[in-house]
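J.: dropping a prediction and its sequence here:
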Amino acid sequence: MNKATPYHIPSFLFDDKYSLYRHLALQAVILLITLSIFFDAPDKLNLTINRFYGWISYYLFMNMLVYFNVYVLFPRFLAKNKIALYILSVIAFTLFSLFFMMILQDLFYDIGVTHQEEPSVMAIFLSITSSMLSIFLFLGGVSAFLLFKRWMTSNYRMNNLRLATSQSELNFLKSQINPHFLFNMINNANILVDEDPEMASSILVKLDDLLRYQLDGSTKDKVYLEADINFLTNFLELEKTRRDQFEYKINVCGDIRNVEVAPLLFIPFVENAVKHNSDNLQKSYIYISFESQADTLIFTCENSIPTHIVKKKDGGLGLANIKRRLDLLFDNKYTLEQIKTDTQYTVKLQLYI
């Protein structure tokens, strides 16, 4: 799958692997801003020890402004659309910053005072106003960049999610309900038309429901979990008509009436379970469970492993593609465990929805 960057924006702006370089670039900008403290005039350089201490304080002060906004104010308020609280927090933080700046100027007086005359009230007012506006603009610029970064990241993830979903659905259509499977189901129904018309009709109804859900439901972003479970049930019921010694169970724990998931999210795991537990010599099984707990959904799929394993040429959806889709859907807010013994294979997927 190709990773498309929306609007051709360089990944340097939002890719986590460039995080260190973005911090270094930010430090370079702060350094350039704070170096102005050494100049009393464009052509007059002041390199006194007191001025050097003032620069260090100013440099640390600017870093405090940036990183407190980045790691405290922005994620706690603005990122959660609490705009009013964010504005109030910025105002309070700005007033604190001005107080802190006045202390610095008092400690390093030759930085803040360039002449010996007592400043007028208007000069003090303009100085404070100018400082407040500077801090507001500085914090605003940082916040604007963070909002832009979040927007670009969201667009990037959505773009890749569309690609991953399309690929997942296409692979599913090719490998899951393949012509061989359809032929077997239709052939079974044809044989049973005279012997057991009820069973033949049941097979065709389930096959119709399965294909209808696959074509209609898969075009949606979200479906109810109950619908996806019905889909899995129909699929396993059809599989059961083909195998004499096959059994399955689907257990649901908790209230799932309002739980929504991405369509066709669990079928790749069930597909793999079916393909790797086919055994006509002894009993085989697939046990599936869904457990809903507050904001967590736990999916478990257990299947028996046959004594004589028959290798399959077609493998369905690969684990890498499944994990890729989970990454895009849940932004790493999930856990996936795989446990294999000599007789059983278990997949446990925990989603934070």
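T.: Perfect, thanks for sending it. Bear in mind that the values here come from a model prediction, so they are computed numbers and not experimental data.
J.: for C301, list each beta-bridge partner.
T.: Here C301 sits in beta bridges with I288, V347, going by DSSP bridges.
J.: and for it, the neighbour number?
T.: By other CB atoms under 10 Å, the residues close to C301 number 20. Just so you know, the C-beta spots here come from the backbone N, C-alpha and C atoms, and that holds for glycine as well.
J.: in contact with it, which residues?
T.: By CB atoms under 8 Å, 6 or more residues apart in numbering, C301 lies in contact with 266, 269-270, 273, 286-288, 346-347.
J.: so how far is S278 from S143?
T.: S143 sits 57 Å away from S278, taking CB to CB, to the nearest Å as the criterion.
J.: now swap in F246 and tell me
T.: For F246, the distance to S278 - CB to CB - is 8 Å.
J.: what do you get for L139?
T.: In this view, L139 and S278 are 62 Å apart by CB to CB.
J.: which of these two has more residues huddled nearby?
T.: Shown here are L139 and S278; by other CB under 10 Å, L139 has more neighbours (22 against 16).
J.: quick one, what contacts that one?
T.: 65, 69, 90, 93-94.
J.: if you set the cut-off to 7 Å instead, what comes out?
T.: By CB atoms under 7 Å, 6 or more residues apart in numbering, L139 lies in contact with 65, 69, 90.
J.: the first one sits in which helix or strand?
T.: When elements are assigned from DSSP states H and E, L65 belongs to helix 49-68.
J.: so which bits of that helix are buried?
T.: Of all the residues in helix 49-68, those buried under the rule 16 or more other CB atoms under 10 Å are 51, 54-55, 57-59, 62, 65-66, 68.
J.: could I have that helix exported to PDB, CA atoms only?
T.: C-alpha atoms of helix 49-68 as PDB (Å, rounded to 0.1, in the frame of the first residue of the first chain):
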ATOM      1  CA  ILE A  49      28.500  39.100  32.100                       C
ATOM      2  CA  ASN A  50      25.200  40.500  33.400                       C
ATOM      3  CA  ARG A  51      23.900  40.600  29.900                       C
ATOM      4  CA  PHE A  52      25.000  37.000  29.400                       C
ATOM      5  CA  TYR A  53      23.100  35.900  32.500                       C
ATOM      6  CA  GLY A  54      20.100  37.900  31.300                       C
ATOM      7  CA  TRP A  55      20.300  36.000  27.900                       C
ATOM      8  CA  ILE A  56      20.300  32.600  29.600                       C
ATOM      9  CA  SER A  57      17.300  33.600  31.700                       C
ATOM     10  CA  TYR A  58      15.500  35.000  28.600                       C
ATOM     11  CA  TYR A  59      16.300  31.800  26.600                       C
ATOM     12  CA  LEU A  60      14.900  29.600  29.400                       C
ATOM     13  CA  PHE A  61      11.900  31.900  29.800                       C
ATOM     14  CA  MET A  62      11.100  31.600  26.000                       C
ATOM     15  CA  ASN A  63      11.400  27.800  26.300                       C
ATOM     16  CA  MET A  64       9.000  27.800  29.200                       C
ATOM     17  CA  LEU A  65       6.500  29.700  27.200                       C
ATOM     18  CA  VAL A  66       6.600  27.300  24.300                       C
ATOM     19  CA  TYR A  67       6.800  24.000  26.000                       C
ATOM     20  CA  PHE A  68       4.200  24.800  28.700                       C
END
